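Peer 1: turn this into a model:
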Amino acid sequence: MNAQTDVGRKRAFTLSRVDHTGITVSSLQKSLDFWVDVLGFRHLYTWEFGNDAFIENLVDVKGASLSLAMVEGYGHQIELLQYHSPDDRKTIEARASDAGFIHIAMYVDDLDALLERIGEAGWHPVGAPQRVEGGERDGLRLVYVRGPDGVTLEFLQPPVLIGEI
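Peer 2: Down below sits the predicted model:
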């Protein structure tokens, strides 16, 4: 699917695909342990970026330096970013209702087994798993989970259909 835009006399452009989702983390190693060892993503590479004009101009943060690791799994890449500077970095714990809040949703075949496994890694449900009643997603079980850095993931378990049991 290509999205093309040509509004009035403005230059047209075409979006062709989504490359990755970036997540700022407090510990690159702990995050890699979670994404690779717990969720099964593949670690592609790690890069180091010292403070320079390229990084400062890209992220618009004076004094920024960082380590970056790219992981890939299930048709998507996640870019994990651990900033080493500046010193006034914060951990944001936004609520789902706060503007700017994001989450990544992934399907899982056994939600309860996943919750047990990720709980051991320090990720916990925001609330109890819910089941959709009615509509096109009838029977779907889903839950938001939050990690130590405040990052939220959503996991969805499709309903078990008669004959699959």
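
Peer 1: which parts of this structure are helices?
Peer 2: Ranges of helices within the chain are 28-32, 53-59, 111-120, based on DSSP state H.

Peer 1: what does the second one contact?
Peer 2: Pointing back at helix 53-59 there. Applying Cβ atoms under 8 Å, 6 or more residues apart in numbering, the external contacts of helix 53-59 come out as 49, 61-66. Quick note: C-beta positions are derived from backbone N, CA and C, even for glycine.

Peer 1: average model confidence for that helix?
Peer 2: For helix 53-59, mean pLDDT rounds to 92.

Peer 1: buried residues in that helix?
Peer 2: In terms of neighbour count (16 or more other Cβ atoms under 10 Å), helix 53-59 has its buried residues at residue 55.

Peer 1: check the offset of it from the chain's centre.
Peer 2: 23 Å (Cα atoms, centre = their mean, to the nearest Å).

Peer 1: quick revisit: could you dump the contacts of helix 53-59 to a markdown table with neighbour count and distance to residue 32?
Peer 2: Formatted as a markdown table, the contacts of helix 53-59 follow (neighbours: other Cβ atoms under 10 Å; distance: Cβ to Cβ, whole Å):
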| residue | neighbour count | distance to residue 32 |
| --- | --- | --- |
| 49 | 17 | 17 |
| 61 | 17 | 23 |
| 62 | 9 | 28 |
| 63 | 13 | 25 |
| 64 | 22 | 21 |
| 65 | 17 | 19 |
| 66 | 19 | 14 |
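
Peer 1: of all those, which two lie farthest apart?
Peer 2: Spanning the widest gap among these are 49 and 62, at 14.5 Å by Cβ to Cβ.

Peer 1: about what we covered before: ok, the contacts of helix 53-59 vs residue 90, which is closest?
Peer 2: residue 61 (12.1 Å).

Peer 1: returning to that earlier point: distance to residue 11 added to the contacts of helix 53-59, as CSV?
Peer 2: Shown next, in CSV, are the contacts of helix 53-59 (distance: Cβ to Cβ, whole Å):
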residue, distance to residue 11
49, 31
61, 30
62, 32
63, 35
64, 31
65, 35
66, 33
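
Peer 1: isn't residue 77 up against residue 17?
Peer 2: No: using Cβ atoms under 8 Å, residue 77 is not in contact with residue 17, being 11.0 Å away.

Peer 1: show me what contacts residue 145?
Peer 2: 115, 118, 123-126, 152-155.

Peer 1: of the contacts of helix 53-59, which is the nearest to residue 9?
Peer 2: The shortest gap between residue 9 and any of the contacts of helix 53-59 belongs to residue 61, at 35.7 Å (Cβ to Cβ).
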